[in-house]
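> starting from these lines, generate the structure:
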Amino acid sequence: MLIQTPYSIPTALIHQVHHDDLSLGKTVINAPTGRFFYDPWTIKSEYAGTVWDTILKTLPVPVGEARIIVLNYGSCYQQHADIDDRYHLNLSGESCYLVDIDSKILYPVTADGIWYTMNTERIHSATNFGRYNRVQLVVRHLLIDADFDDGVAVRISFDDLDPNYARYIFDNSISVWLNRTNKQHGLKNFEFSRSSVTFSTRPSLLALLKDIVPKEFILTLI
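All right, here's what the predicted structure looks like:
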């Protein structure tokens with residue numbers, strides 16, 4: 001689930017991160033230049049020239065949304081999958097792990113200065129068993145801009161559900177399919193809103209999607 005990349009940052013940059021200035025939760029440091037999931041993002045003006053700008057530039061590939069994520073000690077996330085894989089750079093923390101729930105494997109994360117790529121198709125969580133906050137820079141992979149002419153346009157709606165409940169169900173079912181289908185070049189024009197997602201897929205992949213859509217959701221061909 002977690003694979004080391006050839007990219008890294010100097011140890012000195014880790015020491016330049018001032019943890020006391022960081023808020024718990026997620027802080028986005030860049031902004032979209034076009035389509036949220038497909039087009040490269042650029043650093044926000046307030047972070048240009050800062051240590052965060054320097055760190056992000058050590059990842060020499062086009063990137064999507066980049067977030068500083070601070071996980072409080074003694075905390076974890078609900079299990080989920082994501083449509084897009086992620087780059088992870090751990091900057092602080094002790095006894096912190098990424099959790100592959102499908103395989104029941106803990107992956108320790110340390111401030112080693114190495115960028116890792118994470119296969120977020122797998123149901124996973126993150127946990128901090130230590131005494132200090134865990135700080136990571138987490139960056140979205142851009143989705144593949146698939147090219148096929150025989151696509152079927154789909155909308156999956158969840159209008160009447162509590163957003164948090166809907167997100168949990170979505171991420172533990174449909175996000176798995178979306179991630180895998182993207183890697184198979186079978187997904188294009190993915191967009192989301194508070195109550196639905198729309199995209200196109202290949203007709204041969206539609207039957208499997210119909211099988212996994214939860215009963216609380218509505219799938220419509222558009």
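
> only C-alpha atoms from now on, for both contacts and neighbour counts.
Noted.

> quick check: domain ranges of this structure?
2-140, 152-221 (automatic domain parsing).

> any chance of a markdown table for these, columns mean pLDDT and distance to A146?
Converted to a markdown table, those look like this (pLDDT from 0 to 100; distance: least, Cα to Cα, whole Å):
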| stretch | mean pLDDT | distance to A146 |
| --- | --- | --- |
| domain 2-140 | 96 | 10 |
| domain 152-221 | 95 | 5 |
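
> just these: most buried one?
Using mean count of other Cα atoms under 10 Å, the stretch among the domains of the chain with the greatest mean number of neighbours is domain 2-140 (a mean of 17).

> what's the distance between the closest residue to S173 other than its chain neighbours and V154?
If the residues on either side of it in the chain are set aside, S173 comes closest to I212, at 6.7 Å by Cα to Cα, 6 or more residues apart in numbering. The gap separating I212 from V154 is 14 Å, by Cα to Cα, to the nearest Å.

> V176 and Q4, how far apart?
Distance from V176 to Q4, by Cα to Cα: 22 Å.

> just K57 next, same as before
17 Å.

> same question for V139.
With Cα to Cα as the criterion, V139 and Q4 are 14 Å apart.

> L106 now?
Distance from L106 to Q4, by Cα to Cα: 15 Å.

> kindly report the same for V138.
14 Å.

> A81 now?
From A81 to Q4 the distance is 20 Å (Cα to Cα).

> double-check that N179 belongs to a strand.
No - applying DSSP: H, G, I helix; E, B strand; the rest coil, one finds N179 to be helix, outside a strand.

> residue contacts, G34?
P40 (Cα atoms under 8 Å, 6 or more residues apart in numbering).

> 10 Å - rerun?
Neighbour list for G34: P40, W41 [criterion: Cα atoms under 10 Å, 6 or more residues apart in numbering].

> in space, what's closest to V28 - neighbours in sequence excluded?
Counting by Cα to Cα, 6+ apart, the residue nearest V28 is R67, at 4.3 Å.

> surely that neighbour and N90 touch.
No - contact criterion Cα atoms under 10 Å: R67 and N90 do not qualify, at 11.9 Å.

> what is in contact with those two at once?
Jointly contacting R67 and N90 under the rule Cα under 10 Å, 6+ apart are Q136, L137, V138.
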